[in-house]
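> only geometry, no sequence info:
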């Protein structure tokens, strides 16, 4: 499975992946998922938001009693030049865990599904977890209609071009009501397991996090003729804000990153009229996150006043803290022998979006480098196999007689 999926959407120059939502690479990943489902005799189903489901023990979600289904999976899309493991490891491991349970001769008492949630990374339309947000009612249809990519293509138009019905999107409470537990396996995006020496861990919580767009409004002018003292250069304000974000986050024990920027008119010999930067910030609690973002905004405005530059901040997305259900978390610990480390994480996941609607839990597989969202992202084959066995143990405990 890994060998078949590996080349899809891979950039030859960077070695990273560009599997953006509703693109050609995304279509190929979806075809791979459907092929994996049908080759195992699983019932394949596409929901109203483009999320893919593969059912064992049911013809589709309507064939499942409320609260009966045990679901596992993750996502197949990527960030720009992302790694091979973030998302796909959870989907590959889900199919492999079902294979393992079949080898064990497990007798299923409940229906089981593998799911691929669409557009988890938000790389194309700027909002993470679009597929699961729509399903859980955490993203309104009206807001989804406003999503555009960098070329101005709407989410609805992109779905239509890929052969899906964009008018069908919206909350899916009937389907989610069938889910009694959702367990997502994911490569760890940090080094906690590497430092502890454990191949697999259990998630405790996801930090609150969000994305903010900063617009720095200056005045375009000639780079070779405009005196320094006459300039209203938004690049200076932007640069100072990047440094301020690092300082404010470090002082608070939080995280703040400007990872995307656009410039107008974007000429080498032109002072910009507009610099637009996107801030990603995360913290262990809501109060700290709010304070850090407010401090970054204050620093931007104060510097803008000195530079003659206007500053506007807009929150584009936000996910509050997620505490995974303690009862299910404890149950996973018992199924795995009670000796697995329990980890918090600053990364967002579909499991976090669904947690307010269905009982959710997460397993992490060791990442020896701690690097993620990069081609250097890695997990050893032995650790991946350990993750499959752990997931199989969990599914057996939740779904088998």
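Sure thing, it's come through. What you see is a predicted model, and the numbers here were worked out from it, not measured in a lab.

> what comes into contact with the helix or strand where residue 26 lies?
Using DSSP states H and E, residue 26 sits in helix 24-39. With contact meaning Cβ atoms under 8 Å, 6 or more residues apart in numbering, helix 24-39 is reached by 1, 4-5, 8-9, 17-20, 43-44, 52, 54, 76-77, 91, 95, 114, 116, 118, 162. Bear in mind the C-beta positions are built from the backbone N, C-alpha and C, glycine included.

> which parts of it are buried?
Residues of helix 24-39 classed as buried: 25-30, 32-34, 36-37 (neighbour count, 16 or more other Cβ atoms under 10 Å).

> equivalent analysis for stretch 239-259, please.
Using 16+ other Cβ under 10 Å as the test for burial, stretch 239-259 gives 239-242, 244-245, 248-249, 252, 254-256, 258.

> what subset of the contacts of helix 24-39 is buried?
By 16+ other Cβ under 10 Å, the contacts of helix 24-39 give 5, 8-9, 17-20, 43, 52, 54, 76-77, 91, 95, 114, 116, 118, 162 as buried.

> quickly find the element holding residue 12.
Residue-wise, residue 12 maps onto no helix or strand under DSSP H and E.

> next, count neighbours for it.
5 (other Cβ atoms under 10 Å).

> same question for residue 317.
Residue 317, neighbours per other Cβ under 10 Å, totals 19.

> tell me, how many residues neighbour residue 186?
Neighbour count of residue 186, defined by other Cβ under 10 Å: 26.

> where does the closest residue to residue 165 other than its chain neighbours land in three-state SS?
Closest residue to residue 165 apart from its sequence neighbours, by Cβ to Cβ, 6 or more residues apart in numbering: residue 159 at 7.6 Å. Assigned with DSSP: H, G, I helix; E, B strand; the rest coil, residue 159 falls in the helix class.

> give the contact list for residue 159.
22, 50, 165-166, 169.

> apply 7 Å and report the result again.
22, 50, 166 (Cβ atoms under 7 Å, 6 or more residues apart in numbering).

> how near is it to residue 118?
Note on residue 159: its distance to residue 118, by Cβ to Cβ, to the nearest Å, is 9 Å.

> list residues touching both of the two?
In contact with both residue 159 and residue 118: residue 50, using Cβ under 7 Å, 6+ apart.

> for stretch 212-222, measure first residue to last.
30 Å (Cα to Cα, to the nearest Å).

> sorry, back to before: most neighbours among the contacts of residue 159, which one is it?
With neighbours taken as other Cβ under 10 Å, the top of those is residue 22, carrying 27 neighbours.

> if I look at the closest residue to that one other than its chain neighbours, how far off is residue 115?
Leaving aside its sequence neighbours, residue 22 sits nearest to residue 158 (Cβ to Cβ, 6+ apart; 4.0 Å). For residue 158, the distance to residue 115 equals 21 Å [Cβ to Cβ].

> list the contacts of the closest residue to residue 88 other than its chain neighbours.
Leaving out its chain neighbours, the residue that sits closest to residue 88 by Cβ to Cβ, 6+ apart is residue 76, at 5.5 Å. Contacts for residue 76 (Cβ under 7 Å, 6+ apart) come out as 19, 29, 33, 87-88, 91, 116.

> around residue 231, how many other residues sit close by?
Using other Cβ under 10 Å, residue 231 is surrounded by 18 other residues.

> what of residue 273?
Residue 273, neighbours per other Cβ under 10 Å, totals 18.

> tell me the pLDDT of the closest residue to it other than its chain neighbours.
Among residues not flanking residue 273 along the chain, residue 220 sits closest, at 3.7 Å (Cβ to Cβ, 6+ apart). Residue 220 is assigned 98 on the pLDDT scale.

> hmm, residue 220 is touching residue 267, no?
No. Using Cβ atoms under 7 Å, residue 220 is not in contact with residue 267; the gap is 8.7 Å.
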